[in-house]
Each structure stands twice: as C-alpha cells, then as structure tokens.
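[1] can you look at this prediction? I've put the sequence above it.
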Amino acid sequence: MTYARSQKGMSLLSWMVVLAIVAFFASAAFKVFPHYMDYYSIEKAITSVETDKAAEVRTVPEFYSYVGKAMSINSIRGINLEDALDVKLENNEFRAHLNYERREPLVQNIDLVVKFDKEFRVRMP
C-alpha cells in the first residue's frame, strides 16, 4: 500500500516545469497578439473603402490617405504604409497588396516573426 500512497500526483518540480512551459507560450502569445490585431485593423480599413460612401475614394493617393487615417485612429505605429501597401487602380477597382513582417524579440537573439501577405480587390464606391 505504500506504493499507491506515493503516487498521488505531480511533484513540485513537475509543476514548476509545467508552469514554465505555460508561461513561455503565454509570453509568446502576448507578444504576437497585438501584431495580429493591427493587421486585422488594416485589413478592415482596406476593405471598408468599398463600403464607405462618405469617403469617396477615387484615386490611389486618396486610398493611401484613407488607410493612413484609419491606422492613425487605431494607433498603429511602426508600419510604413508606403512600403507595406502597394495599390494599383485597374478597371474601376483598386488592387491592394499588403505585404509586411513584424519582429518581436523573445529571448536574447531569438525573435518571433509574423509575416502578413494578402491581396485585396476593392471596387470603387
């Protein structure tokens, strides 16, 4: 019966290891999550050009201005819009290619890298 009594659960060391692993993944998730939220905000700004009737975006510079204002409202900094977004006007629709990556330091020389690459076709309002 002493054998069954000694195996009641995880030891303190086991709990510490599990806690360290959970903390590592939670730290990584908390560092990457804001970048995904910024990306979804930019994506929403690009797609809302089509539905926002008041903006009346007709040219490529107006498109950049509209998305730049949305980035400013959502406090998105650290992304150069001119480098990350390539917009062309073809057949009464904008073809916007959003392509950028963000790096977040994790541990000393190890970085987390998130890369966003998506193409949008947005009709003029």
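    Yes, it's here.

[2] mind checking the longest helix of this protein?
    Secondary structure assigned by DSSP state H gives helix 12-51 as the longest helix of the chain.

[3] what packs against that helix?
    helix 60-73, strand 93-107, strand 110-123 (3 or more C-beta pairs under 8 Å, 6 or more residues apart in numbering; DSSP states H and E). All C-beta atoms are positioned from the backbone trio N, CA, C, and that covers glycine.

[4] got JSON lines for these, with distance to Glu82 too?
    Output for these, formatted as JSON lines (distance: least, C-beta to C-beta, whole Å):
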{"stretch": "helix 60-73", "distance to Glu82": "7"}
{"stretch": "strand 93-107", "distance to Glu82": "11"}
{"stretch": "strand 110-123", "distance to Glu82": "16"}
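
[5] got those as JSON lines, with mean pLDDT columns?
    As requested, these are arranged in JSON lines below (pLDDT from 0 to 100):
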{"stretch": "helix 60-73", "mean pLDDT": "94"}
{"stretch": "strand 93-107", "mean pLDDT": "94"}
{"stretch": "strand 110-123", "mean pLDDT": "94"}
